[in-house]
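> next comes the sequence, and after it the predicted model I'd like to discuss.
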Protein chains: 2
Amino acid sequence: MPVPAAKDVLTLTLDATSDRPVFRQIADHLRGAIASGRLLQGGQLPSESQLIEHYGTTRMTVRQALGVLKSEGLVVSEHGRGVFVRPRPPVRRLASDRFARRHREAGKAAFLAEVEGAGARPTVDRIEVSTEVPPDEIAERLLLGRRAKVVVRRRRYLVDGHPVETATSYIPAALAAGTSITQPNPGPGGIYARLEEMGHRLGRFTEQVSTRMPHPDEVTALALAPGVPVFHLVRTAFTDDDVPVEVCDTVMSSAAFVLDYDLPAR
Amino acid sequence: MPVPAAKDVLTLTLDATSDRPVFRQIADHLRGAIASGRLLQGGQLPSESQLIEHYGTTRMTVRQALGVLKSEGLVVSEHGRGVFVRPRPPVRRLASDRFARRHREAGKAAFLAEVEGAGARPTVDRIEVSTEVPPDEIAERLLLGRRAKVVVRRRRYLVDGHPVETATSYIPAALAAGTSITQPNPGPGGIYARLEEMGHRLGRFTEQVSTRMPHPDEVTALALAPGVPVFHLVRTAFTDDDVPVEVCDTVMSSAAFVLDYDLPAR
DNA sequence: AAGTGGTCTAGACCACTCT
DNA sequence: GAGTGGTCTAGACCACTTT
C-alpha cells in the first residue's frame, strides 16, 4: 500500500511541560502534517478515536483540536465518513478586462464571457427583478434623493452547477423604467449593453473589495464549507460624464475566485 | 440607565419542536440581537451563566453557541471580562492611485502616502533584506531561470502602532545588486523610485487578490482576532516595455482594509 | 453491525479581571 | 472574593456511512 494509513501520521506526542493547551498542541501536530504533505489534499485524518488513543485524552479535547482546523478552513468533516484535508478547488479568475466594451459588443455579459473562456459552464438562477427604495448607502452612491426608487436585479451565478456568487444590481428607476432592464432577461450583453444603447456610455467602474466570514444565509446560498470567507464587492458604474448609473453588490465564495486587477502606473 | 443590561436581550426561548440543534438556535438568537442593534457594537453579551440559566442547558452547549459567533468574527471574548460584540475598526483605504508616479516624485512610498493622507501614523518595522533563490512561483512571475537570485525585502506595516500588513518584495538581483535597494532604507519614494531612477520606468502593475483564514504565524505577526480572514495580494510591477521587475507578496488584515480599484471601461 | 462524526449532560479546576 | 471565560474529564445517545 503506497498510501500510509491516516493514523501513521501520529508520530509526535504531547509536551507535558508546555503551557500550550493540549487541544492546540494536537491541532499544531495535524497542521504540520498537512503543511509538510504527510497528509495529502483530500486525505483522511486519523479518526477521533485514534486521536483519543494516541494522545491519551478525551473526545471533547480532540474535537476542540479538530474545531480549530475546521475554523481555519484546513479540514472538512463528513458525517459518518471522517475528517479530510480540504481539497484546493480550481480557481476562477476574474480578469481585469471583464468590463471591456468588446465583450458587451460581442453580446456577452462579463460573467459568462469569463467562465466560458475558462472552459467551464456558467449558469444564472434565482433571478428576481423589482422596484424598490434602495438602502441609504446605495442611494448615496447613485446620488439619489431619499425617496427615489431603483430597479433591483438579484441573481445567483453558478460554475458547472456550483453556486459561487450572488449579486444585486441597483439602477435608478428613472433610467431603467420601461426598458428591458426591468425584464428577467435583459438581452445580449446584459444591462451594461442596454445602458450604452440608451446613450449612457460607460466610462469607468470603481470596485471596493472587502472580505469577512459569511452570514448564515450566504452559507446557504453559496453552499459554503465552514472556514471559507467571502469577498464582498461593491462596484459602481459611471458614464463618460462621471454620472453613476449602477451599483452592483456581490458576495463571492473566496474558494472559487482570485480577483485580478491591472493598474496603470500613471 | 439608558443602556439595557446584557441579559435583557434574552427575549426568545428554544423551539423544542425544531430539528435545529440547541447551540445553533442560541447562536441564531444572539446573532439576531447583534444584527438588529439590540446588542450594540462593543457591547457585552450575556454571560455564560446567564445563558445557561435562560436556556436551561449546560455550559458546553452555551460555549458551542458562542464558538459559532466567534468563528464568524461577530464577537470576541476577553478572559475574565466577558464576551463582546466586535467593534468595527476604522478602515484604511487602499486607493487605486497608490502607485501614481506623483507620489514617488514627492518622495513618498505608497503606504506612507496613503496612511498619512488618512490622518494616521504609519510605521514600518521588522525590515529584513537578503539575497536568495526565490520560490518557483516568484521566479516564474519574474521570468527568471532556476538558479537566478533575487533581493528579498521583508517588512511589516503598522497604523498608529497596530500591525496591519506584512509584505515581501522580490527584485531580480541582476537589477538590484549594488543599489540602495539592498539597503534597509532604500531612500525617498521607496524601491519604485530607485527602479525608475535606474531607467526602469514603471508602466503597469497587476494585482491578484485572494482571501483565506490566516496561518498561525500570520495571526501572531498581525495580532489578528479570531474569525478575521486575511487578504493575500500578489502584485507584479512591469516596466514600460512590459518587463517584470518586482513581485510583492503581501498579507493584510481584512479588518483594517477595504481595497479600492478604478477600472476603465475601455 | 461497526465505525464515523454530531450533539449534549454534569461536573471539575484553573486563570484572568474587577471591586 | 466574586464573576468571568479557558480547559478538561467521562460519560451518553443519536445520525450517517460503509461493509
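Sure thing, it's come through. The model shown is predicted, which means the values in this text are computed figures rather than measured ones.
> correct me, but A:Asp240 touches A:Glu196?
No: using C-beta atoms under 8 Å, A:Asp240 is not in contact with A:Glu196; the gap is 10.1 Å. C-beta here means a position set from N, CA and C on the backbone, and glycine is covered the same way.
> so for those two, which sits in the more crowded spot?
Set side by side, A:Asp240 and A:Glu196 show unequal neighbour counts under other C-beta atoms under 10 Å in any protein chain shown, the larger going to A:Glu196 at 18 against 11.
> how close does A:Phe205 sit to DNA strand C?
Computed with C-beta to the nearest atom of the strand, to the nearest Å, the distance linking A:Phe205 and DNA strand C is 41 Å.
> tell me the secondary structure at that residue.
Classification of A:Phe205 using DSSP: H, G, I helix; E, B strand; the rest coil returns strand.
> hang on, isn't it packed against A:Thr236?
Yes: A:Phe205 sits in contact with A:Thr236 when judged by C-beta under 8 Å, with a separation of 6.7 Å.
> now check the longest helix seen in chain A, is it near DNA strand D?
Across chain A, the longest stretch assigned as helix under DSSP state H is helix A:22-36. Yes: with C-beta under 7 Å from any atom of the strand as the threshold, helix A:22-36 lies in contact with DNA strand D, specifically through A:22-24.
> send the alpha carbons of that helix over as PDB?
In PDB, the C-alpha atoms belonging to helix A:22-36 read as follows (Å, rounded to 0.1, in the frame of the first residue of the first chain):
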ATOM      1  CA  VAL A  22      -3.400  20.100  24.800                       C
ATOM      2  CA  PHE A  23      -6.000  20.800  22.100                       C
ATOM      3  CA  ARG A  24      -3.700  23.400  20.500                       C
ATOM      4  CA  GLN A  25      -0.800  21.000  20.600                       C
ATOM      5  CA  ILE A  26      -2.900  18.400  18.800                       C
ATOM      6  CA  ALA A  27      -4.000  21.000  16.200                       C
ATOM      7  CA  ASP A  28      -0.400  22.000  15.700                       C
ATOM      8  CA  HIS A  29       0.700  18.500  15.000                       C
ATOM      9  CA  LEU A  30      -2.100  17.900  12.500                       C
ATOM     10  CA  ARG A  31      -1.500  21.300  10.800                       C
ATOM     11  CA  GLY A  32       2.200  20.400  10.500                       C
ATOM     12  CA  ALA A  33       1.300  17.100   8.900                       C
ATOM     13  CA  ILE A  34      -0.900  18.900   6.300                       C
ATOM     14  CA  ALA A  35       1.700  21.600   5.600                       C
ATOM     15  CA  SER A  36       4.500  19.100   5.200                       C
END
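> list the buried ones in whichever helix or strand comes after it?
Reading on from helix A:22-36 to the C-terminus, the next helix or strand found by DSSP states H and E is helix A:48-55. In terms of neighbour count (16 or more other C-beta atoms under 10 Å in any protein chain shown), helix A:48-55 has its buried residues at A:48, A:50-52, A:54-55.
> before we move on, what about stretch A:69-88?
Going by 16+ other C-beta under 10 Å, stretch A:69-88 has these buried residues: A:69-77, A:83-86.
> and if you look at stretch A:190-198?
Within stretch A:190-198, the residues scored as buried using 16+ other C-beta under 10 Å are A:190-196.
> what of stretch A:153-167?
By neighbour count on 16+ other C-beta under 10 Å, the buried set for stretch A:153-167 is A:153, A:155-159, A:163-167.
> could you dump these into a markdown table with distance to B:Ala255 added?
Listed next are the buried residues of stretch A:153-167 as a markdown table, based on distance: C-beta to C-beta, whole Å:
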| residue | distance to B:Ala255 |
| --- | --- |
| A:Arg153 | 31 |
| A:Arg155 | 29 |
| A:Arg156 | 28 |
| A:Tyr157 | 27 |
| A:Leu158 | 30 |
| A:Val159 | 29 |
| A:Pro163 | 27 |
| A:Val164 | 24 |
| A:Glu165 | 23 |
| A:Thr166 | 23 |
| A:Ala167 | 24 |
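> out of those residues, which are inside strands?
Of the positions in the buried residues of stretch A:153-167, A:153, A:155-159, A:163-167 sit in strands, assigned by DSSP state E.
> quick one: name the residues of the stretch 1-150 of chain A near DNA strand C.
A:45, A:47-50, A:59-60, A:63, A:66, A:77-83.
> just for chain A, where's the confidence low?
Within chain A, the stretches with pLDDT under 70 are A:1-8, A:89-90, A:95, A:107, A:266.
> circling back to that earlier point, just the buried residues of helix A:48-55 now: which is nearest chain B?
For chain B, the closest of the buried residues of helix A:48-55 turns out to be A:Glu48, at 16.2 Å, with distances computed as C-beta to the nearest C-beta.
> for that closest one, which non-adjacent residue is closest in space?
In space, and not counting its chain neighbours, A:Glu48 is closest to A:Val62: 5.3 Å by C-beta to C-beta, 6 or more residues apart in numbering or on different chains.
> would you agree the one you found falls within a helix?
Yes: assignment of A:Val62 by three-state DSSP places it within a helix.
> wait, it sits on A:His29?
No: the pair formed by A:Val62 and A:His29 falls short of the contact definition of C-beta under 8 Å, at 11.6 Å.
> among the two, which residue is more densely surrounded?
Relative neighbour count places A:Val62 above the other of A:Val62 and A:His29, with 24 against 19, counting by other C-beta under 10 Å.
> what's the closest of the residues of the stretch 1-150 of chain A next to DNA strand C to DNA strand D?
A:Gly80 (2.4 Å; C-beta to the nearest atom of the strand).
> tell me where chain A has helices.
Taking DSSP H, the helices of chain A run over residues A:22-36, A:48-55, A:59-71, A:101-105, A:110-117, A:136-141, A:173-176, A:190-197, A:216-221.
> hey, which of those helices is tucked in deepest?
Each of these was assessed for mean neighbour count using mean count of other C-beta atoms under 10 Å in any protein chain shown. The highest is helix A:190-197, with a mean of 21.
> check the offset of it from the chain's centre.
Helix A:190-197 sits 26 Å away from the centroid of its parent chain (C-alpha atoms, centre = their mean, to the nearest Å).
> then stretch A:30-43?
Centroid separation between stretch A:30-43 and its chain, computed with C-alpha atoms, centre = their mean, is 24 Å.
> residues from chain A in reach of DNA strand D?
Remark: the part of chain A in contact with DNA strand D comprises A:21-24, A:57-61, A:64, A:78-81, using C-beta under 7 Å from any atom of the strand.
> farthest pair in those residues?
For the residues of chain A next to DNA strand D, with distances taken as C-beta to C-beta, the pair at the greatest spread is A:Pro21 and A:Gly80 (28.6 Å).
> what's next to stretch A:191-205, contact-wise?
Contacts of stretch A:191-205 with the rest of the structure, by C-beta atoms under 8 Å, 6 or more residues apart in numbering or on different chains, involve A:99, A:101, A:104-105, A:107, A:109-110, A:153, A:169, A:171, A:175, A:179-181, A:186-187, A:235-243, A:245-246, B:262-265.
> A:Ala120 is in contact with A:Arg112, correct?
You called it Arg, but residue A:112 is Leu. No: taking contact to mean C-beta under 8 Å, the distance of 10.7 Å between A:Leu112 and A:Ala120 leaves them out of contact.
> make JSON lines out of the buried residues of helix A:48-55 and add distance to A:Ser210.
What follows is the buried residues of helix A:48-55, written out as JSON lines (distance: C-beta to C-beta, whole Å):
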{"residue": "A:Glu48", "distance to A:Ser210": "36"}
{"residue": "A:Gln50", "distance to A:Ser210": "40"}
{"residue": "A:Leu51", "distance to A:Ser210": "37"}
{"residue": "A:Ile52", "distance to A:Ser210": "40"}
{"residue": "A:His54", "distance to A:Ser210": "41"}
{"residue": "A:Tyr55", "distance to A:Ser210": "39"}
